[in-house]
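Undergrad: need a 3D model of the sequence below.
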Amino acid sequence: MAVQTYRDLLVWQRAMDMVVELYQLTKRFPKEELYGLTTQVRRAAVSVPSNIAEGQGRGVGNEFNHHLRIAQGSLQEVETQVLVAERLQYVDRTQMASVMEIAAEVGRLNRGLQKSL
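TA: Take a look at the predicted model:
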């Protein structure tokens, strides 16, 4: 099936799954983190599929690739922030591992898409 919209991209679909999982996970963060780590990790997570969508909407080539690189950077932010949350004991290793697994998949798909452009 040909890609007609960003919603057809597997990388965007999995990034959206990651956002949902992170929102559910951050609901358990302490209330004092609402304007700190909670907001920061949510914004970084939403940035991943948002940049993929924006890049695809701008067309194939340098613009798309640029937005995919931004998405990759946001993904690294998410991973770092989840590791911080685990160190602060806001999440346990199992929860952290689940998010990191999805993030790794999104990263692989994103890099593969970048190479194909």
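Undergrad: the chain: strands as residue ranges?
TA: Remark: no strands are assigned in the chain by DSSP state E.
Undergrad: quick one: average confidence on the longest helix along the chain?
TA: Ranked by number of residues, the top helix in the chain under DSSP state H is helix 62-87. With pLDDT averaged residue by residue, helix 62-87 scores 97.
Undergrad: show me how far that helix is from its chain's centre.
TA: 6 Å (Cα atoms, centre = their mean, to the nearest Å).
Undergrad: buried sites along that helix?
TA: Applying a neighbour-count criterion of 16 or more other Cβ atoms under 10 Å, one finds 64, 67-68, 70-72, 74-75, 77-79, 81-82, 85-86 buried in helix 62-87. Placement of C-beta: from N, CA and C, glycine included.
Undergrad: repeat for stretch 18-31
TA: 18-19, 21-22, 25-26, 29.
Undergrad: any stretches of the protein with poor pLDDT?
TA: Along the chain, the model assigns pLDDT under 70 to residues 1.
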